[in-house]
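[1] Model the following, please.
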Amino acid sequence: MSEQLQNGPSPPGYIIRKARPEDCGHIVTMIKELAEHDGLGHKVAITEDKLREDGFGDNPYFHCFVAETTPDSTTGTSILAGYLMYFFMYDSYNGRFLYVEDFYVSPSQRGSGIGTELMKRVAQVGVETKCTKCEFIVHDENSRARRFYEKLGAVNSTVEGEWRRFFWYKFDMPSMEKLASR
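    Numbering: from 1, shown residues only. Presented below is the predicted three-dimensional model:
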């Protein structure tokens, strides 16, 4: 797949491209901004080095698109204005699918079309790789985001009732270590 997918132009003043290792510092900053927005800033433990190791080795654990401003005509500099992090999963009922882990556009850049283009790019990946669906979660209080996704055609599967009978469980690292050593 090419670095910049070829299905229509990026929003004016931006390019949407695959993240590169040198983007990791900026991505960590945006992860922290997103976590602060969600009231979870104290939970962020990821580092630039860990992100680089996990996303850009021989077997990446995630993939990422970034929205980068076109270089300023006077300074020649550009900034990352958003990112979308995803990975592949498998559903034993339907097969492979994409999971969007994080999606963020800097507040000053919202409304510019960047968010739509980032979601469009991950949808293109899903189509190209024959995924059966693309899933993500949205905080119940984030009505603006829910409206955005629904406008793009996403279906709230909670409303459909698919997940009302399920609970989300996890093992943290100490729990995994304890279980693994039994």
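
[2] Quick one: end-to-end length of stretch 157-174, please.
    One end of stretch 157-174 to the other measures 32 Å (C-alpha to C-alpha, to the nearest Å).

[3] how about the helices of this structure, start to end?
    24-37, 48-55, 114-128, 143-152, 157-160, 173-180 (DSSP state H).

[4] Ok, which of those helices comes nearest Gly76?
    Among these, helix 24-37 comes nearest to Gly76, with 16.9 Å by C-beta to C-beta. In this view, the C-beta of every residue, glycine as well, is placed from N, C-alpha and C.

[5] Report all helices and strands that the closest one contacts.
    Packing contacts for helix 24-37, counted by 3 or more C-beta pairs under 8 Å, 6 or more residues apart in numbering; DSSP states H and E, involve helix 48-55, strand 63-69, strand 80-91, strand 95-105.

[6] so of the ones you listed, which one's packed in deepest?
    Highest mean neighbour count of the helices and strands packed on helix 24-37: strand 63-69, a mean of 22 (counted as mean count of other C-beta atoms under 10 Å).

[7] For that strand, give me every contacting residue.
    With contacts defined as C-beta atoms under 8 Å, 6 or more residues apart in numbering, strand 63-69 is touched by 10-11, 13-19, 23, 26-27, 55, 78-87, 105, 109, 114, 117-118, 121-122, 125.

[8] any idea which of the helices of the chain is most buried?
    Of the helices of the chain, the one with the most neighbours on average (mean count of other C-beta under 10 Å) turns out to be helix 114-128, with a mean of 19.

[9] Tell me what angle that one forms with strand 80-91.
    30 degrees (axes from the mean of the first three to the mean of the last three C-alpha atoms, to 10 degrees).

[10] How far does helix 114-128 sit from its chain's centre?
    Counting by C-alpha atoms, centre = their mean, to the nearest Å, helix 114-128 is centred 10 Å from the centre of its parent chain.

[11] Using PDB, list the CA coordinates for it.
    Listed in PDB are the C-alpha atoms of helix 114-128, where the atom choice follows Å, rounded to 0.1, in the frame of the first residue of the first chain:
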ATOM      1  CA  ILE A 114      -9.000  16.100   8.700                       C
ATOM      2  CA  GLY A 115     -11.200  13.800  10.800                       C
ATOM      3  CA  THR A 116     -13.200  12.700   7.900                       C
ATOM      4  CA  GLU A 117     -10.100  12.000   5.800                       C
ATOM      5  CA  LEU A 118      -8.400  10.000   8.600                       C
ATOM      6  CA  MET A 119     -11.500   7.800   9.000                       C
ATOM      7  CA  LYS A 120     -11.800   7.500   5.200                       C
ATOM      8  CA  ARG A 121      -8.200   6.200   5.100                       C
ATOM      9  CA  VAL A 122      -8.800   3.500   7.700                       C
ATOM     10  CA  ALA A 123     -11.900   2.500   5.800                       C
ATOM     11  CA  GLN A 124      -9.800   2.200   2.600                       C
ATOM     12  CA  VAL A 125      -7.400  -0.100   4.500                       C
ATOM     13  CA  GLY A 126     -10.400  -2.200   5.600                       C
ATOM     14  CA  VAL A 127     -11.700  -2.500   2.100                       C
ATOM     15  CA  GLU A 128      -8.200  -3.300   0.600                       C
END
